[in-house]
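Undergrad: sequence unknown, structure follows:
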């Protein structure tokens with residue numbers, strides 16, 4: 001969050017393509033709408049989408065594996081990508097976005 005504004009950021013790491021938008025909140029509906037908008041701007045859907053370990057996308061965590069919310073499962077099924085998530089307490093798996101965005 002920057003000065004009271006939530007920021008939704010997607011980075012296609014290998015192409016250096018960014019999608020950055022202000023968001024009103026960090027709820028699942030907002031996050032999924034922003035992700036859909038990102039796919040629209042990109043003109044397609046990546047095969048794999050790596051997400052941070054966002055509370056709005058998960059119900060819980062099993063041993064190093066996220067249990068996704070049902071609305072996220074429906075979203076993944078609709079757009080047909082393989083969801084992946086960053087490793088817990090592993091800066092390398094989240095570092096690319098954090099390094100680019102600051």
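TA: Cool, got the structure. Keep in mind that what you see is a predicted model, and the values were worked out from it rather than measured.

Undergrad: residues of stretch 58-78 that come out buried?
TA: Residues of stretch 58-78 classed as buried by neighbour count (16 or more other C-beta atoms under 10 Å): 58, 66, 68-69, 72, 75-76. (Glycine included, C-beta is placed from N, CA and C.)

Undergrad: quick check: the farthest pair among the residues you listed?
TA: Spanning the widest gap among the buried residues of stretch 58-78 are 66 and 75, at 14.2 Å by C-beta to C-beta.

Undergrad: phi, psi for residue 85 please.
TA: phi -130, psi 150 (degrees, to the nearest 10).

Undergrad: what are the bridge partners for the residue lying closest to it once chain neighbours are set aside, then?
TA: Sequence neighbours aside, residue 66 is the residue nearest to residue 85 in space, at 4.9 Å (criterion: C-beta to C-beta, 6 or more residues apart in numbering). On the basis of DSSP bridges, residue 66 is bridged to residue 61.

Undergrad: how far away is residue 66 from residue 24?
TA: As for residue 66, its distance to residue 24 is 24 Å (criterion: C-beta to C-beta, to the nearest Å).

Undergrad: try residue 55
TA: Distance of residue 55 to residue 24, given as C-beta to C-beta: 17 Å.

Undergrad: more crowded one of those two?
TA: Legend: neighbour count by other C-beta atoms under 10 Å for residue 55 and residue 24, higher for residue 55 (11 against 8).

Undergrad: next, residue 44: secondary structure please.
TA: Going by DSSP: H, G, I helix; E, B strand; the rest coil, the secondary structure assigned to residue 44 is coil.

Undergrad: for it, report the pLDDT, please.
TA: If you check residue 44, the pLDDT there is 91.
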